[in-house]
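J.: Just a sequence and a predicted model for now, questions to come.
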Amino acid sequence: MKLSKDNPLLTAYALGELSPAEAAEVASAVLADESLRAEVDAIGALAEELEGQLAAEPMGRLSDFQRATLFQRAAEIDRAAISPAALAGRRWRWPAVAAAVLLAAGAVGLWALLRPPVPTGTNVAQHYPIPQPAPNVPAPLLYPLGPTPMGTPNPDFFDPWHPSVGSAALRSGATHSQPSDASPSEDSPFRAAAELPASTFGLNVDDASYRHVLQTIIDESRLPEPSSVRIEELINHFTYDYAPPVGGETEALTVRADVVQCPWAAGHVLLRVAVQARPGEGRAWADPPDIVARDARVRVVFNPAAVASWRLIGFDGPLSGPDAGPGGLIAAGRSLTVLYELAPAGAAPAASICTVRAEYRLPGEARLRQLALSAAGGAAGRFEDASADFRFAATVAGFGMILRNSPYKGTCTAAGMLDAAAASLGDDRTGRRSEFIGVLREACNLLPAE
């Protein structure tokens, strides 16, 4: 075999990527040519240097949702469809690919050596005494529904899917969707429940916006752009103590809904929809993520007899309802918290404020599973008596509305959010809530005087 110095087989040989027969053939050619031996030695030395540089380089991380998506897509590849003949036809390309990767890695390593050091952020959170846990709050009154199709409806229960109940818009499947020309800086508005009773969202919320807010306020000592603040991502950066589903691997998710008085708008009510995935095998943050549900989404249908209007907090800007696109991937142990602000309708209490339906598929299954429950009507409890998790999530939402300068922030102030966060730390096992207090404290110095 006669080889030139730019033959990709030399790179593959130096990196140990050839079969034994091919390696022996290339080795014979290399031993017979001093220039080829020098080329192989140079490739090997460069590979060792790059390996050392890349090993010392901090590894970037994908978000949990990005990693979950990648692993889910990888699991769906049908390897049986790749024939040996197709692989054989492409085999000659691998040395060239290896050479290209090596050159790219060299550029990355050189950049890593020459770039200036990145300043390290400082945690400015000051010690706050952790208050005693809030007294046990009674569990919300929930009416469980049977699997679809439903049986005879309970006369005291608002069943939005029953043909005799609801407006024409509801029966036609109307769903919450922002106008197509809405910009990300526009907050989700109030919707009349009689005209648009249904709200839908996919369970694929990330927390990238919180990390941006943290870096901007703490590291750069400035406020983030309002349009970059996504309240749903701020809320779901934190963990909450929700009960896991029962039933082992046959039940991947559980959902709950409860209400309290709104702390920033007198006469309004806050609705919390909480979804919790079953735990993994002893690892809350498995790597790769242990996907327990896919195509996961939630549909909330409000009872116009109990709710005059509603507003989804967060999810601002153009949205497509889950009926128009795929739901999310849920990893083991993960939770999702969504808040609504409601304006009650009339003084007479209704049996149910809304019905919440979650649907998902188990990995590898085509069957759609559904969970449904109702948030009981009646007088909402005081915000001060709500669980620490509920109060903390609402505090994060209020802070997000302040950063967005939302017209719906009501009586929210940064100082008030700081006090509320300190009073709702709860069992801060991850330290994230204490870190949030540091963010709030710094934001108080950056925001205009109230």
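T.: Done, it's in. Numbers count the residues shown, from 1 in each chain.

J.: quick one: low-confidence parts of the stretch 301-450 of the chain?
T.: Residue ranges of the stretch 301-450 of the chain with pLDDT under 70: 317-326, 347-349.

J.: how about the strands in it?
T.: Applying DSSP state E, counting those that start in this stretch to the stretch 301-450 of the chain gives strands spanning 307-312, 328-331, 335-344, 352-361, 369-376.

J.: Roughly how far does residue 243 sit from residue 254?
T.: To residue 254, residue 243 is 7 Å away according to C-beta to C-beta, to the nearest Å. Where you see a C-beta, it was placed from the backbone N, CA and C, and this is true even at glycine.

J.: Residue 251 against residue 278, yeah?
T.: Yes. Look at residue 251 against residue 278 with C-beta atoms under 8 Å: they come within range, at 6.8 Å.

J.: show me where pLDDT drops low in the stretch 151-300 of the chain?
T.: Looking at the stretch 151-300 of the chain by pLDDT under 70, you get 151-185, 248-249, 281-288.

J.: Show the contacting residues for residue 30.
T.: 3, 10, 13, 36-37, 40 (C-beta atoms under 8 Å, 6 or more residues apart in numbering).

J.: re the thing from before, okay, and the common contacts of residue 243 and residue 254?
T.: Common neighbours of residue 243 and residue 254 (criterion: C-beta under 8 Å, 6+ apart): residue 276.

J.: And those two? Which one has more around it.
T.: residue 254 (20 against 10; other C-beta atoms under 10 Å).

J.: Tell me if that one really is in a strand.
T.: Yes. Counting by DSSP: H, G, I helix; E, B strand; the rest coil, residue 254 is located in a strand.

J.: Which strand residues bridge it?
T.: residue 276 (DSSP bridges).

J.: List the contacts of it.
T.: 242-246, 275-276, 371.

J.: circling back: and residue 251 and residue 278? which has more neighbours close in?
T.: Neighbour count, other C-beta under 10 Å: between residue 251 and residue 278, residue 278 has more, with 22 against 16.

J.: ok, that one touching residue 243?
T.: No. Using C-beta under 8 Å, residue 278 is not in contact with residue 243; the gap is 10.7 Å.

J.: show me where the stretch 201-350 of the chain has helices.
T.: 208-214, 231-235 (DSSP state H, counting those that start in this stretch).

J.: anything in contact with each of residue 251 and residue 278?
T.: residue 245.

J.: circling back: quickly compare the strands of the stretch 301-450 of the chain and say which is most buried.
T.: The highest mean neighbour count among the strands of the stretch 301-450 of the chain, using mean count of other C-beta atoms under 10 Å, belongs to strand 328-331: a mean of 26.

J.: Only C-alpha atoms, please: export that one in PDB.
T.: Provided in PDB are the C-alpha atoms of strand 328-331 (Å, rounded to 0.1, in the frame of the first residue of the first chain):
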ATOM      1  CA  GLY A 328     -43.400  17.500  26.900                       C
ATOM      2  CA  LEU A 329     -41.000  14.900  28.200                       C
ATOM      3  CA  ILE A 330     -41.000  14.300  31.900                       C
ATOM      4  CA  ALA A 331     -38.000  12.900  33.800                       C
END
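
J.: Strand partners (parallel or antiparallel) of it?
T.: strand 291-302 (antiparallel).

J.: Name the residues of the strand it pairs with that are buried.
T.: By neighbour count on 16 or more other C-beta atoms under 10 Å, the buried set for strand 291-302 is 291-302.

J.: Between the residues you listed, which sits nearest residue 330?
T.: Each of the buried residues of strand 291-302 was checked against residue 330 using C-beta to C-beta; the closest is residue 293, at 4.1 Å.

J.: measure the closest one to residue 407 for me?
T.: For residue 293 relative to residue 407 (C-beta to C-beta), the value is 36 Å.
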